[in-house]
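Trainee: just a sequence and a predicted model for now, questions to come.
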Amino acid sequence: MSYYDQFKSELQNILSQFAQSKEIFDALEGQYEERKKEIKKQKDIIVRLAKERQVGFPWLADAYDEFFKLQDQQIIDFLRYKKTPAIQASEIVKLYSQKRREAEKEKRIYKYLVEYYESIFPELADLKEEVADISEEDQYFMADYSQSELEDETTKFVTKEEFRKLSSIERNQLALERYWKRKKSKWLIGRIYERYVGYLYEMMGYDVDYVGIFKGYEDLGRDLICHKGNEIIVIQCKNWSQFKTIYEKHIFQFFGTVFQYKDENKDKNVKAIFYSATKLSDLAKRFGTELGIELKENFKMENNYACIKCNISRVNGTKIYHLPFDQQYDNVKIETNKGEFYCQTVKEAEDKGFRRAFKYKGLKQK
């Protein structure tokens, strides 16, 4: 084979390979264009979902409405075209089925909105668990008391006969014991959990601000702020049921509020601790570690801990003790370096010269 023939053969091979490559390229380009269209389609869906989510997914509510409309139409058609037609009944069913669907559609939109806001602000989910403070049991014990006697919070826990018969020490101790034994609302259990964690830090010499108790859902997730020298510990407490799990969104929310607090207190050594009576998801634990948040998982409250606050007045040195259901209990801070302390029993407080706090009635008008 001449040099020319050899060159021509190699050139034909190259052209053939080029043609094959072009076919592959064209096919890939076609797939790429299809993929671009699919990506754009998915992107449009995501954008639409994001927009729709903020107004409660009305298109999804419409889809449900259409589904139920078809179901209702079967009943209407049956009444209208059965062997003995019931035209009037079919019109009534049509009217009320429409009203029912409209109500269900509105309910679904509000439901989606609530779930959306809960996903952004996890603390909102706790609002569902709030109940009234005065239970039927309170009302039972408080019956037949005089107006002046009702000013004493122990009337919620002892009968009229017990209140009038027992000594103040016996009456107050009995009320405290029943306070611990009585079934409590989830809101109150959460509050007691915050008190317990705060108590532990007060015992370690920290000055504790019970932000969650006083500001409620305006606390930005900072339930406790504990001060000691240049150190500040920001604490969030979650006393949830054992079957519930703390997820990463709760850690993110807490990190955000701690970050803001650090930015506002750059001259302080600010730490973050997350207390939970239940477990955390694996991802939540990973994020907590990465974000520098100390995690106290499955941290249980000690039952009947020393909760009586023995406080000394800054004004006149009066020694006063406060039970956990007393009006000013959460306003009182215990400073052990000033001779103040927590104790377990009413007798212990009174033996050391402390008297029960009177109900605060506000400033008298002149």
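Mentor: Ah, there it is.
Trainee: for stretch 254-274, give me every contacting residue.
Mentor: Stretch 254-274 is contacted from outside by 220-222, 225, 230-236, 238, 246, 250-251, 287-288, 291-296, using Cβ atoms under 8 Å, 6 or more residues apart in numbering. C-betas here are computed from N, CA, C, even on glycine.
Trainee: those helices in the stretch 251-366 of the chain, which residues are they?
Mentor: Using DSSP state H, counting those that start in this stretch, the helices assigned to the stretch 251-366 of the chain run over residues 282-290, 346-351.
Trainee: how about the ones you listed in a markdown table, adding distance to residue 82 and mean pLDDT?
Mentor: Converted to a markdown table, the helices of the stretch 251-366 of the chain look like this (distance: least, Cβ to Cβ, whole Å; pLDDT from 0 to 100):
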| stretch | distance to residue 82 | mean pLDDT |
| --- | --- | --- |
| helix 282-290 | 57 | 92 |
| helix 346-351 | 76 | 96 |
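Trainee: so which of the contacts of stretch 254-274 sit within strands?
Mentor: Judged by DSSP state E, strands contain the following of the contacts of stretch 254-274: 225, 231, 232, 233, 234, 235, 236, 238, 246, 294, 295, 296.
Trainee: what separates the first one from residue 234, distance-wise?
Mentor: What that stands for is residue 225. Counting by Cβ to Cβ, to the nearest Å, the separation of residue 225 from residue 234 is 6 Å.
Trainee: end to end on stretch 193-212, go ahead and measure it.
Mentor: Taking Cα to Cα, to the nearest Å, stretch 193-212 runs 11 Å from one end to the other.
Trainee: start at 585, not 1
Mentor: Right, with 585 as the first residue, what we last looked at is stretch 777-796.
Trainee: how far out from the middle of the chain is stretch 824-831?
Mentor: 11 Å (Cα atoms, centre = their mean, to the nearest Å).
Trainee: which parts of it are buried?
Mentor: Taking 16 or more other Cβ atoms under 10 Å as the basis for neighbour counts, the residues of stretch 824-831 that come out buried are 824, 830.
Trainee: picking up where we left off before, filter the contacts of stretch 838-858 down to the buried ones, PyMOL style.
Mentor: For anyone working in PyMOL, the buried entries among those, judged by 16+ other Cβ under 10 Å, can be selected with:
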select buried, resi 804+805+806+809+816+817+818+819+820+822+830+834+835+871+872+875+877+879
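Trainee: show me the contacts for the closest residue in space to residue 868 that isn't next to it in sequence.
Mentor: With Cβ to Cβ, 6 or more residues apart in numbering as the measure, residue 832 is the residue that lies nearest to residue 868, at 4.6 Å, once sequence neighbours are left out. Residue 832 is in contact with 865, 867, 868, 871, counting by Cβ under 8 Å, 6+ apart.
Trainee: what is the nearest of these to residue 936?
Mentor: Each of the contacts of residue 832 was scored against residue 936 by Cβ to Cβ, and residue 868 proved nearest at 44.4 Å.
Trainee: run a quick neighbour tally on the closest one.
Mentor: By other Cβ atoms under 10 Å, the residues close to residue 868 number 23.
Trainee: for it, give me its contacts.
Mentor: When contacts are counted by Cβ under 8 Å, 6+ apart, residue 868 is found next to 830, 831, 832, 834, 835.
Trainee: hang on, residue 781 in a helix?
Mentor: Yes: checked against DSSP: H, G, I helix; E, B strand; the rest coil, residue 781 lies within a helix.
Trainee: that older thread, widest-spaced pair of the contacts of residue 832?
Mentor: Farthest pair in these (Cβ to Cβ) is 865 and 871. Separation: 9.3 Å.
Trainee: element containing residue 748, please.
Mentor: helix 744-749 (DSSP states H and E).
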